[in-house]
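1. The following block contains a protein sequence and its predicted model.
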Amino acid sequence: MLKAGDIIVASVQFTDTAEVKNRPAVVLFEELGNVVIVGITSNLKMKGIPLTKSEGALKDSVIKLNYIFTISEEMVSKVIFHLSKEKKHLIFDELTKKLVGLKV
């Protein structure tokens with residue numbers, strides 16, 4: 001069972017192509033076999049929340065809060081590590097700021 005804050009490797013489709021690759025991601029939540037995730041990139045020029053090797057990442061990376069999507073739990077190949085409580089709160093706070101900014 002996947003938990004919020006798990007760093008996983010999953011098969012995901014890129015936004016600008018139909019290509020599917022195994023990529024790292026952060027689990028936001030899992031429900032009924034669907035996993036809502038946030039993408040991670042090693043491109044440090046991208047905006048997002050830093051994720052460092054000292055936290056468990058294979059290389060310094062960025063959690064891309066603008067890259068949220070849902071995958072099937074079958075698309076998850078493994079769990080790498082789990083984020084700290086503080087990092088999970090930072091993700092929640094930053095996502096909340098973005099969502100509050102939405103006009104309904």
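-> That came through fine. None of the values given here were measured: they were computed from a predicted structure.
2. So which other helices or strands are in contact with the helix or strand hosting V12?
-> According to DSSP states H and E, V12 maps onto strand 6-13. Secondary-structure packing of strand 6-13 (3 or more C-beta pairs under 8 Å, 6 or more residues apart in numbering; DSSP states H and E): strand 20-31, strand 34-41, strand 61-72, strand 76-82. Using the backbone N, CA and C atoms, a C-beta is placed for each residue, glycine as well.
3. Out of these, which is the most enclosed?
-> A comparison of the helices and strands packed on strand 6-13 by mean neighbour count, using mean count of other C-beta atoms under 10 Å, puts strand 34-41 on top with a mean of 20.
4. rewinding a little: return the alpha-carbon coordinates of the strand holding V12 using PDB.
-> Extracted in PDB, the C-alpha atoms of strand 6-13 (Å, rounded to 0.1, in the frame of the first residue of the first chain):
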ATOM      1  CA  ASP A   6       6.500   7.900  -0.800                       C
ATOM      2  CA  ILE A   7       9.100   8.500  -3.500                       C
ATOM      3  CA  ILE A   8       8.400   6.000  -6.200                       C
ATOM      4  CA  VAL A   9       9.500   5.000  -9.700                       C
ATOM      5  CA  ALA A  10       6.500   4.700 -12.000                       C
ATOM      6  CA  SER A  11       5.700   4.500 -15.700                       C
ATOM      7  CA  VAL A  12       4.500   8.000 -16.700                       C
ATOM      8  CA  GLN A  13       3.700   9.800 -19.900                       C
END
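5. Can you point out the buried residues in it?
-> 6-10, 12 (16 or more other C-beta atoms under 10 Å).
6. Please identify the buried residues of stretch 84-98?
-> Neighbour-count burial for stretch 84-98 [16+ other C-beta under 10 Å]: 87-88, 91.
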